[in-house]
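Asker: sequence first, predicted model second:
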Amino acid sequence: MGYGNASNVYKTNQIQTASPKQLVVLLYEGAIKNIRLAELAIEQGNLEKVNRYLIKAQDIVAELQNSLNHQGGENQIASELENLYEYLLNQLLQANLKKDVEKMVGCRTILSELLEAWASI
């Protein structure tokens, strides 16, 4: 088994055995990682990779948005997170269209703050 395959097996096991809280943390980490990779690809002038990484980040934020639970006592928090995720999706789209590093950094900063908050729960 090669390193790449072992890494994929590890990631799959990590996801399959994670609690809902851990899954959210993994999603935040994945979005942050992909935005950072897009920033590095901009520095290298590789626009194809920028596009690919930002689309991955958008997909992750969309998954976070789709997983919100609007039932129960956390309704206000879910609504606020939905608005924030919608903002992030728009910013990531604009960052991709314009190859705007500032928008990427802004999104990464927000996601890092959310990650920190979730990790401390």
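Answerer: Right, received. Where do you want to start? Note that the coordinates shown come from a computational prediction; the quantities given were computed from them, not determined experimentally.
Asker: which non-adjacent residue is nearest the residue nearest the centre of the chain?
Answerer: Centroid check for the chain by CA atoms, centre = their mean gives Ala31 as the closest residue, at 2.2 Å. Nearest-residue entry for Ala31: Ile60, 4.2 Å, with adjacent residues in sequence omitted and distances by CB to CB, 6 or more residues apart in numbering. Where you see a C-beta, it was placed from the backbone N, CA and C, and this is true even at glycine.
Asker: list the contacts of the one you found.
Answerer: 27, 30-31, 34 (CB atoms under 8 Å, 6 or more residues apart in numbering).
Asker: next, count neighbours for the closest residue to Ala18 other than its chain neighbours.
Answerer: Once flanking residues are discounted, Ala18 sits nearest to Leu26: 6.3 Å by CB to CB, 6+ apart. Leu26 sits with 16 neighbouring residues when counted by other CB atoms under 10 Å.
Asker: mind checking how far Leu26 is from Glu63?
Answerer: Leu26 sits 11 Å away from Glu63, taking CB to CB, to the nearest Å as the criterion.
Asker: just Tyr28 next, same as before
Answerer: Distance from Tyr28 to Glu63, by CB to CB: 11 Å.
Asker: more neighbours: these two, which one.
Answerer: Tyr28 (22 against 15).
Asker: which residues does the more buried one contact?
Answerer: Counting by CB under 8 Å, 6+ apart, the residues that Tyr28 touches are 64, 111-112, 114-115, 118.
Asker: distance of it relative to Asn66?
Answerer: In terms of CB to CB, Tyr28 sits 15 Å off from Asn66.
Asker: for the residue nearest to Ala18, pull up the helix or strand it's in.
Answerer: helix 20-44 (DSSP states H and E).
Asker: and that helix, how far from the chain's centre?
Answerer: 5 Å (CA atoms, centre = their mean, to the nearest Å).
Asker: one more: stretch 88-96?
Answerer: Worked out by CA atoms, centre = their mean, stretch 88-96 lies 12 Å from the chain centre.
Asker: oh, and call the first residue 230 from now on, that's how I've got it
Answerer: In the new numbering, first residue 230, that becomes stretch 317-325.
Asker: would you mind measuring from Gly259 to Val253?
Answerer: 11 Å.
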